[in-house]
Structure formats: structure tokens, C-alpha cells
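>>> Fold the following for me, if possible:
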Amino acid sequence: MGDSDWLCVFTGGDVCITGHDSGPVFEEQPSSVVYPEGLSEGKVTLNCQARASPAATYSWRVNGTDVPVGDPRYTLVAGNLVISGPQFGRDGGSYQCLAINRCGTILSRAANLKFGYLHDFPGEGRSPQTAYEGAGAFLACQPPAHYPVLSYRWFVSEFPSFMKPDGGRWFVSQVTGNLYLAKAEPNDTASYFCFTTINMDISTKSTFSKANQLTVQPDANARKSAPAITVVPDPFSCPMKVDGLLPSKAGASAEGPILTLPEMTFHEEGVYECEAYNSEGRDTQQGRITVQAQPEWLQVMSDSEVEISSELHWTCVAAGKPRPSIRWLRNGQPLSTQDRVEVNGGRLKVINLALEDSGMYQCVAENKHGTIYSNAELRVQVQVPDFRSNPVRRLVPAARGGQVMMECRPRAAPKPTLFWSRGTELLTNSSRVTVTPDGMLRIHNISRADEGKYTCFAENYLGKANSTGHLSVRDATKITLAPSNADINQGENVTLQCHASHDPTMDLTFTWALNGALLDLEDPGGPYHRVEGKETVGDLLIVSGHLSQAGTYSCTAQTVVDSASASAKLVVRGPPGPPGGLVVKNVAATSVELRWSRGYDNHSPIGKYVIMGHSPLSPGWKRMRTDPSNIEGNAESIRVVGLLPWMDYEFQVIASNILGSGEPSMSSHTIRTQQAAPTVAPSGLGGGGGDRNELIITWTPMAREYQNGDGFGYILAFRKQNSPTWVVERVSNVESSRYVYSNQSLSPYCLFEVKIKAYNRKGEGPFSQIAVVHSAEEEPTVAPSRINATALTAFEMQVSWDPIQHLSTNGILQGYEIRYWRQHEREASADRVRTAGLETTARVVGLRPSTRYHVTVMAYNSAGTGPASPRTTVTTRRPPPNRPPGNVSWKTDGSWVTVRWDHVKTLDNESAVLGYKVLYKHEGQSALKVLDKGKTSVTLPLPKDNGYVVLEIRSWGEGGDGAAQETIVSRDSGNSSPCSGGARRFTSRHRSLFPFLFVLSVILFHTWFHLRLFLCV
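Prediction:
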């Protein structure tokens, strides 16, 4: 019978063949299903697939009873069980799949088929509820009958206006469905609906309750009072852990009424306390969190091939809470202590193994949270002794004077009897020869006479076999130059020598080990390098020695038959190692005591220590102040001072010597210093502004590092200047930055002295320096007087007035507002112009010509405008002519040009022409000449560079400036003549494009002008 034909197990007459067959292993197991109750047309599929050779067959059990696959309601597809038209009460239960082949049977995990339902809420209405402003309340969901568990949400007034978080005021319990409200507000008055949902594997169903009417009424006896915790939702949520530090994963939720702990572990177990407090007092509630877990394997058994008549020992270990119980299965059937089998919890022992013990074994761990399975296959083997797969070595070299071991490991079951012979001589134990019970042959102090053939014989009740090898004796390997001890500083190089002699017929190799760990000498970038030389030289070069490279170096010279070793110690001196055992003791408000144990000095005495600290306020580690400031090298404790009260800190200790500073110690546990009363006053005290009868005080909120404790708030003191009595108010919100004091008797823009200090649970801090703040301004009470309005042109006027007295402004006068409107319009439609500061004149533009306007003036400040002055009237002047000067001509004379034009005649409704304005423009520069009406010409200089001049001519008078005429003049254009047609004229529509087309216009004009001269000639 060959190696691949070992007999293992009989199952129903079939034979499981080693090396060819394998027992089932699940690749897919059934999962629990929640099926909608009343859905009769659907199907449920429970999956089951296993890997096996030969392929597995399948059967199913429900509640421990075989499923009748022949029933039309049940169909087996591969290993999957399909249930048609599942019905409640008939098909519900716990299903398990069995995978079977001739090597054994395994049982799957249980999959529960359950039926889900959600009934409607009762149809009757719900009683309305009333809450008082500032108090807490809750609305009961009272869900209908259902399975499985529900998820809960609430919506307001109409679907789908679902509730959203509001600063932690709302909480929906996912256990009861109740809606909890803290600190009710008037706008919380509404109709609320409980919305429930169940999630099943193939569908989802939701329903919602009748309206829960909540009315929030003002509290007639409203007054400040200490908080009272009346509702502790489940799951429990609180911002303090009574029996330890609050887990860091709580994050920002620890500052609110709902504590969130993601990814719970056993470390989060404990008693938690929720504390609510304000300036009037505090209240607390406690609750315990217990964490449980489904089973998880820590140790499982593995497939085993064991010879017949021997013993089997398997162990399974599982963790979980509650502690899991463990049971065993063989080929899907329960296994208990009987005959040769001993079951003791997670331990299985089978003695005197027989062929029928082969099969598939399962270890099952379970608690109320789940069940897990571990599978393994046992193969009981039987075989005649056979050396074909593992014969004795044909040639066994050995060194003279050394020892040799020759193995004899045939395959056989049951275990065979083993013995050795040399030639015809049976070997027995002597001073140099040892034959062990497991067939190992050892020969000590070998000599040339020991060379020869050695044969191992194996025998059991099934048969016999033997195998022979030849022992060859060689010269021994010896160390001729051993490495010497060395002492270096960190960063230095060192060479350790090692020379050896050996049998010349064999190759010699050297290896090095540090503290027993083999070194890699082939890495070119590594610290260890082989020194090239003769075959008998194996020196080691260590580059840039490091503290971690100190220790015992062993050089080994070896051939295939023996080896020789020698060792030396390398000392590397360097900075100290990290101190150990860092603990924090005697925590006070501004100091703590640190204790530690000395680390390795790395062969150079420790000179001093420094303390490093870290808090949430600093991004990295920084050196801390200590008392005394210098920490000697023999110290093992120190007091850290200058800490902030009520602040989290971590600490590290760093040792140093003459070679430098070492690695820091492990960080201490995070500690929080004790609370203390505030020591500094808030900054940025100021204020002002606001509405009538208000005093607004502002400040910069105190940063976390200055709060020094919880229950933090501010105390404000203020009084009218020169008043002996201070008004004191408390502000309990740490984030507050302003306070509004309202009093109907408060005078406008009244001067107040203000000071502020901080308080917390431990007491009050110092007051700040006194700041001066004004109460809110009110509108000025007096109107400006002696209003005068004068028309300047047809389009503008100038308004002037006498200022009001400062005491009448009720604040800081910011300026004056001018209101003006046409005679036929209402004052409400007036246009407005504002001045800034103390100006008492203003120019108003954009008016209509020949129009009568009403004008008033009023003072204004930040609160608004004061009363209007008595109105005055003004009539704007007639408009200027809307025609430009006509018949413009020009004539050059050397470097001058004379330009002439016709006088502009006015119409009856236009203002008289009093003169003309000529604007002279050249290369970005301009000059203005104003002429009286008797002049209709002007002489101007021409540019020296043969360039062009742009002239703009318009009339002017009491109504303002008239329309403009633009003319382009050049030096080489000659005198004006009838042929030339005079100067080039541009109308108003050209004027709007002139800034963009000026250069192009000049070029075109130059071309046109010379073309006209040519045609005249």
C-alpha cells in the first residue's frame, strides 16, 4: 500500500483516502431572516455551500428535526434551502445545514427564520400636554405591537418635518421611543408625531402616531433657580466618569447633555455621572454602563493526522461576555465523555485512537449574544514501515573529534520499533554511542575508525523496512584568532577580527550573531560589513556604532560537517536611555510631583534631567518649569510648577550626559490639575450702542487656559459716573461676550463706569480696570436753524445752516441730512444727502432746471435723525443752451493757431451766455481758458512735434455749461479755405466714443485732409 493510499476512515462503507480526499469546510453558511408576516407569495432562501472532496451532499434540520425536502414547500438548490410561501407558526424556527462526504459531516451555525410585523397606532387621540418655559418635558411614543426592534424619529406639525438636534435640547430614546425636551421655549409649541420603522430583510414598514399637542406657557413666577435633572434617558448619557477618567473618544459630546461613546470596549465600563449646573446651583444623576460581547475565538484546533492507538488532544478557547460555554460535535453529533473520549469544557481527549474515530470535529462556543463554530478534520492512520519518502542520508560527513547525529524517520502506523547496525554489528548504547527511543543515532568524539555504513531497521505488526547511510570523517574546524572585547562611543567604527582553520576538502563560511541573533552582512546600506580577505579570515566591520549594537558578538566558522565559535563584548557609550516608571503624584492646582526610575546610563553617568510637558493648548512638547530648576543626575523625583489650574497635562522625562540627550520616557497618564479661583480678569472691556434705554457691555470671552475650573461665568459691576452704588449682574455662559442692561429710566448717552471679573466653582477672580461706557444714544432733539438754499446753476444748489448745540445731540453727532423735494411732490418722496462730521454747508447736484424745491436739514447720530428744520425754498436757474458753438474754423501761424466760432444764441427758456470755455488737450495734458461773451476766438500754441491738438469749445452762463464742440487741429494743415471746408466737427454722439477711438480718428483725419487738398489742386 503506497503513501497516497493510507486507510483513514470508513463512513457508510466509503473510504476517505489521505492525500486525495478532504472533509467539508463551509464557504457560506445560512443567516437569520426576518420575513414580513402575511406575505404568502414570497420565498426565503437559506444559503449553504461547502468545499469538499469528493463534493458534499446536504441535508437540513429545523429545531433539531430533519427538514422533509420531499415536501413541495421545501426545495434544495445545490446546498441552499428554498422555503416557498413561509407562514408564521408553521415555518418559523432555527435552521441548520449539514454538509456530508465520506470523510465526515459538519453542522452549520443556526439561522433563525422569524416573522416581522408592525401594527398601527391606536386611532384615538392623545391628551394635550403643557410645559412651562425653561422647564423640561417629555412626550411618550407608546409604540404599537411589533417585531423586531423599532427605530424612532419624531416630526413636527406635518410630515416630513423631522426633529433636528437643537443644542442638545431634544433627545429621542431608541429604547422607549419617548421624546425628551430640556429648557422649553415658547416656539416649541406645536403638534408632535412619533414615527416608527422596522427593517426586515426584504422590506421596510413605518407608521406614525396621532398628534401629541405640546403647549409651552410662560412661567408666571419666573426666577433664577438651580437645575434639576428629571429625566435620564436610556441609553444613559453623562459628561463625567465617576470611577476613572472620561474616555477620550467621548470628544465634544462630553460638554453636552448627550454623551456619545463610539466603538464601545470593555474599558468604557463603569459608573457615569451627569452634572447640570448654573450660577444658582447644580444637580447630578448616575448610571452604570456594562459592556458585553458575543464569543470570539482565542485558540482553535487544526486538522490532524494521528497514528492508530495513539492519543488526541485538542483545545478550544473563546472569549466573550458572559463567558461562553463550549461543546463538541463529531460528524454533526454531540460528543460527551464516554469510553475512550473525555470532554472537559474546551478540552477534548481521545485515547487509544481507532479508525472509526476519524471524521469531522467541531468546537462550538456560545453565549446569549451568539454562537461560533470551529472545524477540524481528524485522520487516524495505519501503515507498514516505509523509508521511501524519508530515507537515511546516503552520505553523512562528520568532523574528527566532534559528534554526529543520524536520523531514522520512516512513515509507519502504529509507531515502529527502531534499531541500528554497523555492518553486521548491532549498535547498543555505550560511552560514545547513543540510540534514542525515537531512532536517533548519536556518536561522540569521532575518529577515522568510525567511518563506514550504518543501517536503521523499523518494524511494526504490519511489516519491516530498513535504510542505510555512509559516515565520512573529516578534519575539525578551529578558531585561530578570536575577536577581542571593544569599547567605542556612539557613531564610531570598529572591526572585530575572526580567523579559522578547516578541512581543505570543504568550503569554510563565517557568520556573525549579536546576542544570538544572526546578522545580515549582505545589505550594502546596513551597519554590518564583511572585511574582504582570505577564505580563513572572517573579520566584521561595524559602521557608525549605535547603542542598540552593543552586546555579545559571536563569530562562527563552519563547514558542512562542523563549526567553531568565539565571542567578544562590544560596549557602545552614548546618551542615556529613557527613564522608566513615570508616575504623577500629589496633583495640585498649579503643580504636580513626578517620580521615575533611572534608565540605562549607556556607560556614561547621567548628568541631569529635563521635564517636558504637553497640554491641549500647545501643539507639541515644551520644557516645563521645576522646583528646583536644575535636576541632578541622581534625582528620581521633582515638582513641576507654573501649571494652569483645571488643565490636562502629560509629562515626559529626558536624561542627558556628556554624550547628549537620550530618548524621552514613556508619556505619563493624562492628569488634570486641581481647580482654583480665576486669577485674571477678562480683557477687552467696552460697549456702547444698542436700543433706547439700554446699556450694552462687551468683553472678550475668557480662553480655556484662564478659566481655572468648571461652573465658569462672569460678574459685571456698573454704575453711573459719580454714583456711589454699583449694580452687579452674573452671566453664567462661558462663551458670552456681551450683556444688555435695560431700564426705562436710563438717560441717553449717559456715562457709566464698568468693571468685570470671572468666577467658577472655586471662587471669584479680581476685577478688571474700570472702563467707561455710554448708554445707548437717542436721536437728536433739536433741529438746525437759519437754513439757506442758493441756486448755483440749473442743476445744483448750495445749502447752509447753523449747527445745533452738542448737548442736544443725545450722543455723538455724525453729521447732517438734507432733504429736498419739488414743489408739487410730497415730502415723503424727498431725496436725501448726508454730510459727515461738523460741516455746515453742502452742495446738492442732479437737480432739474427752472424748478422750485423745498429744503429742510436735520442732525443725525447712530440712533437716527432728529427733527427737521423749518423748510426753505429755492428755484434753480434756467438751463444753458443745448447747442454747441457753430461754424468753427481755425488758422495756423507758425507755432500758433487761431480758432474762431459763431456766437451761441439763446432761446427764451434758456439762460444767457456770459462767455465761452475752451479746453485745450494734448498728450494727456489739458488747459482751460474762460472767455467773456464778447470774444468768439482764441489763439493757442501748437505742439512742437507736429502732433495734434484737441479743442473742446462750449458756452457758459448762469445756468451752467452748454453743449461742447470738439475740434482737431494740426500744424501742417495750412490755412482755412472754402476748399478745406474749415475745421473738422464732432457731434455729441462722436464724443462718447472719443476716448477709445482718438488715435484712429487722428489717422483718418490726416488722410482725409490731404486728400481734400489734392482734389482742390
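>>> Where does pLDDT dip in the stretch 101-250 of the chain?
166-167, 220-245, 249-250 (pLDDT under 70).
>>> residue ranges of the strands in it, please?
104-107, 111-118, 129-132, 137-139, 146-147, 151-156, 170-172, 179-181, 190-199, 204-208, 212-217, 240-241 (DSSP state E, counting those that start in this stretch).
>>> Report the buried residues of the third one.
Neighbour-count burial for strand 129-132, with 16 or more other CB atoms under 10 Å as criterion, is recorded at Ala131. No exception for glycine: its C-beta is placed from N, CA and C like everyone else's.
>>> which residues touch that strand?
137, 139, 181, 184, 188, 212-219 (CB atoms under 8 Å, 6 or more residues apart in numbering).
>>> So which of the strands of the stretch 101-250 of the chain is the most surrounded?
Per-stretch averages of neighbours, counted by mean count of other CB atoms under 10 Å, single out strand 104-107 among these, with a mean of 24.
>>> Adjacent strands (with direction) for that one?
Strand 104-107 pairs in its sheet with strand 93-101 (antiparallel), by DSSP bridges.
>>> and the angle from the strand it pairs with to strand 111-118?
150 degrees (axes from the mean of the first three to the mean of the last three CA atoms, to 10 degrees).
>>> Tell me which residues are up against strand 93-101.
For strand 93-101, the surrounding residues in contact (CB under 8 Å, 6+ apart) are 21, 23-24, 26, 29-30, 46, 48, 50, 52-63, 67, 79, 81, 105-113, 332.
>>> List the ones among these that fall in strands.
Among the contacts of strand 93-101, the members found in strands (DSSP state E) are 23-24, 26, 46, 50, 52-53, 57-62, 81, 105-107, 111-113.
>>> can you redo the strands of the stretch 101-250 of the chain as JSON lines with distance to Thr851?
Shown next, in JSON lines, are those (distance: least, CB to CB, whole Å):
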{"stretch": "strand 104-107", "distance to Thr851": "105"}
{"stretch": "strand 111-118", "distance to Thr851": "79"}
{"stretch": "strand 129-132", "distance to Thr851": "64"}
{"stretch": "strand 137-139", "distance to Thr851": "67"}
{"stretch": "strand 146-147", "distance to Thr851": "81"}
{"stretch": "strand 151-156", "distance to Thr851": "59"}
{"stretch": "strand 170-172", "distance to Thr851": "64"}
{"stretch": "strand 179-181", "distance to Thr851": "65"}
{"stretch": "strand 190-199", "distance to Thr851": "58"}
{"stretch": "strand 204-208", "distance to Thr851": "69"}
{"stretch": "strand 212-217", "distance to Thr851": "59"}
{"stretch": "strand 240-241", "distance to Thr851": "77"}
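>>> from the contacts of strand 129-132, which single one is nearest Pro527?
Closest approach to Pro527 among the contacts of strand 129-132 (CB to CB): Leu181, at 68.3 Å.
>>> Quick one: residues contacting the closest one.
Per CB under 8 Å, 6+ apart, neighbours of Leu181: Ala131, Gly136, Ala137, Phe138, Leu139, Arg169, Trp170, Asp188, Leu214.
>>> quick one: the helices in the chain?
988-991, 994-1016 (DSSP state H).
>>> doesn't Arg102 make contact with His20?
No: in this structure, His20 is not within contact of Arg102 by CB atoms under 8 Å, at 10.9 Å.
>>> Of those two, which one has the most company?
The neighbour comparison of His20 against Arg102 (other CB atoms under 10 Å) goes to Arg102, with 19 against 11.
>>> Now that one: phi and psi?
Main-chain torsions, Arg102, degrees, to the nearest 10: phi -70, psi -10.
>>> gap between it and Ala52?
Distance check for Arg102 against Ala52: by CB to CB, to the nearest Å, it reads 9 Å.
>>> How about Arg738?
Arg738 sits at a distance of 77 Å from Ala52 (criterion: CB to CB).
>>> neighbour count winner among these two?
Ala52 (22 against 13).
>>> give the contact list for Glu269.
Ile289, Thr290, Val291.
>>> In those, which residue is surrounded by the most others?
Neighbour max across the contacts of Glu269 (other CB under 10 Å) = Ile289, 16 neighbours.
>>> bridging residues for it?
Gly270.
>>> Could you report the neighbour count for the closest residue to Ala677 other than its chain neighbours?
Spatial nearest neighbour of Ala677, excluding adjacent residues (CB to CB, 6 or more residues apart in numbering): Gly763 at 3.3 Å. Using other CB under 10 Å, Gly763 has 13 neighbouring residues.
>>> Settle this for me: Gly763 is touching Thr679, isn't it.
No: here Gly763 lies out of contact with Thr679, judged by CB under 8 Å, at a distance of 10.4 Å.
>>> rewinding a little: and which of the contacts of Leu181 is nearest to Arg442?
When those are compared against Arg442 (criterion: CB to CB), the nearest one is Trp170, at 81.7 Å.
>>> Would you report the backbone torsion angles of the residue nearest to that closest one when sequence neighbours are not counted?
Nearest non-adjacent residue to Trp170, counting by CB to CB, 6+ apart: Met163, 5.5 Å away. The phi/psi pair for Met163 (degrees, to the nearest 10) reads phi -60, psi 140.
>>> residues touching Met163, list them.
Arg153, Trp154, Phe155, Val156, Trp170, Val172, Leu179.
>>> next one: Asn460
Val384, Pro385, Ala412, Ala413, Pro414, Lys415, Pro416, Thr417.
>>> Could you identify the buried members of those?
For the contacts of Asn460, buried by 16+ other CB under 10 Å: Val384, Pro385, Ala412, Ala413, Lys415, Pro416.
>>> Quick check: the farthest pair among the residues you listed?
Maximum distance among those (CB to CB): 12.6 Å, for Val384 and Lys415.
>>> Tally up the residues packed near Ile787, please.
Ile787 - counted by other CB under 10 Å - has 19 other residues nearby.
>>> So it versus Gly957, what's the distance?
27 Å.
>>> mind listing what the nearest residue to Leu76 once chain neighbours are set aside touches?
Once flanking residues are discounted, Leu76 sits nearest to Val69: 5.2 Å by CB to CB, 6+ apart. By CB under 8 Å, 6+ apart, the residues touching Val69 are Ser59, Trp60, Thr75, Leu76.
>>> ok, and the closest non-adjacent residue to Val938?
Using CB to CB, 6+ apart, the nearest residue to Val938 is Val918, at 5.1 Å.
>>> now swap in Asn80 and tell me
Asn47 (5.1 Å).
>>> Lys935 too?
That would be Tyr916: by CB to CB, 6+ apart, it lies 6.9 Å from Lys935.
>>> Distance of that neighbour relative to Asp893?
According to CB to CB, Tyr916 and Asp893 sit 21 Å apart.
>>> And these two? Which one has more around it.
The residue with more neighbours, out of Tyr916 and Asp893, is Tyr916; 25 against 10, by other CB under 10 Å.
>>> Who does the more buried one form a beta bridge with?
Taking DSSP bridges as the rule, Tyr916 bridges to Leu931, Ser955.
>>> give the contact list for it.
Pro885, Trp901, Val930, Leu931, Lys933, Lys935, Thr936, Ile953, Arg954, Ser955, Trp956.
>>> Nearest to Arg327 among those residues?
Nearest to Arg327 among the contacts of Tyr916, counting by CB to CB, is Arg954 at 112.9 Å.
>>> Report the spatially nearest residue to that closest one, omitting neighbours in sequence.
Arg954's closest residue in space is Ala964 (CB to CB, 6+ apart), at 4.2 Å.
>>> Tell me how far that neighbour lies from Glu273.
87 Å.
>>> what does Trp801 give?
Trp801 is 70 Å from Glu273, by CB to CB.
>>> try Ile542
From Ile542 to Glu273 the distance is 59 Å (CB to CB).
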